[in-house]
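> I need the structure of the sequence given here:
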Amino acid sequence: YHKVLEMLPSVQADSDTGLAGLVQLFISHQTYGHKKHKEEADQDIRSLIWRFRQYPIYLVCDYNADVARPSLKEMVMCFAAREHNFTGRFQYASVLLAFNENYAPGQPEENIVKVVEVLPRVYPLVLGELEPRPPA
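Predicted coordinates for the structure are as follows:
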């Protein structure tokens, strides 16, 4: 999709914003960064983001402090402290990640992505729940 858009004359003429000003691809991966799931799945996602790093591709994942891998936990907490001056702890969040343009081969593979935003939540992410939760 990104390659087709790049062929359009209007996209070629607008080199300032490029594709990022027109389209973003979001990959939703609920188990990214969870210790209870295979690391190979996380590696596959990072490999995909690395391979297509020239395109605006974002990863959205669910964060649960109890099951998050240490690398994701550190990235989330460092981002919250740096960007929002928040040094407390939160249990659940939705996390937006993107390619880390400062990544260099030879660094730990987890550094391929960086946190772009964190949205803390009161409740865990639950899909398919039949009964609504009471207001927080």
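> ranges for the helices of this structure?
2-6, 9-13, 39-51, 70-84 (DSSP state H).
> to I112, which of these lies closest?
Nearest of the helices of the chain to I112, taken as CB to CB: helix 39-51 at 4.5 Å. Backbone N, C-alpha and C define where each C-beta goes, glycine included.
> list the buried residues of that closest one.
Applying a neighbour-count criterion of 16 or more other CB atoms under 10 Å, the buried positions in helix 39-51 are D42, I45, R46, I49.
> can I get those in TSV including distance to V95 and pLDDT?
As requested, the buried residues of helix 39-51 are exported to TSV (distance: CB to CB, whole Å; pLDDT from 0 to 100):
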residue	distance to V95	pLDDT
D42	13	94
I45	13	95
R46	14	96
I49	14	94
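> now the strands for the protein?
25-29, 57-64, 92-99, 113-121 (DSSP state E).
> which of those strands sits closest to M7?
Here strand 25-29 is closest among the strands of the chain (CB to CB), at 16.9 Å.
> pLDDT (mean, whole number) over that closest one?
Per-residue pLDDT over strand 25-29 has a mean of 85.
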